[in-house]
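> what follows is a predicted protein model with its sequence.
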Amino acid sequence: MLVKKSLFPSNPVDWDTLRVIQMKLEDIYQFFRDPPPNYLNKEVAVCYIIFILLQRESYGTELIEQLEQDYPSYRLSDTVLYSALKFLEDEGIIVGYWKKVEGRGRPRRMYQISPEWQPQAQELAEFWCQYITRGN
């Protein structure tokens, strides 16, 4: 297969030029009509997870589904979620245990806030509330 060299510039500046040329005015309108979701970073994910776990125990998949349901413009990747859960568990902020969940095939790793972390967990959950209020 022959590829024209001019279609694939080697200079990064040329790539930007190519992108601008390919963009249409309608693309801008489409972006603001239907903006892409905001993916949570690990720090924000930690605060979101604590916010949910202060209300009830939960498991990974449910945390992602709950975020998408309650906050449709936000997303949480599996990688960031499980990295945040590992951090919280390693720090002793949350406790994980296996439980058979009604309507689910295999047992799920459930998480809950450690009792001794309740006061600080409230403070971290407040960071999540502030984050979503600002509309990041």
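Yep, that arrived.
> got a pLDDT number for the residue nearest to the spatial centre of the chain?
Nearest residue to the geometric centre of the chain (CA atoms, centre = their mean): L76, 1.9 Å. Per-residue confidence (pLDDT) for L76: 97.
> same check, this time on Q69
97.
> element containing it?
If you go by DSSP states H and E, Q69 is part of helix 60-70.
> show me what the next helix-or-strand element following that helix is packed up against.
Next helix or strand after helix 60-70 toward the C-terminus (DSSP H and E): strand 74-75. Applying 3 or more CB pairs under 8 Å, 6 or more residues apart in numbering; DSSP states H and E, one finds that strand 74-75 contacts strand 38-39, helix 60-70. Yep, even glycine has a C-beta here, placed from its N, CA and C like the rest.
> identify each buried residue in the longest one, please.
By that I understand helix 60-70. Neighbour counts using 16 or more other CB atoms under 10 Å place G60, E62, L63, I64, Q66, L67 of helix 60-70 among the buried residues.
> before we move on, the earlier item: now the helices and strands packed on strand 74-75 as TSV including distance to E91?
Shown next, in TSV, are those (distance: least, CB to CB, whole Å):
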stretch	distance to E91
strand 38-39	23
helix 60-70	17
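> and E123, which of the ones you listed is closest to it?
Closest of these to E123 is helix 60-70, at 19.8 Å (criterion: CB to CB).
> ok, which stretches of the chain are helices?
For the chain, helices defined by DSSP state H occupy the ranges 12-22, 25-33, 42-53, 60-70, 78-90, 118-134.
> give me whichever of the ones you listed is most buried.
helix 42-53 (a mean of 22; mean count of other CB atoms under 10 Å).
> can you give the distance of that one from its chain's centre?
9 Å (CA atoms, centre = their mean, to the nearest Å).
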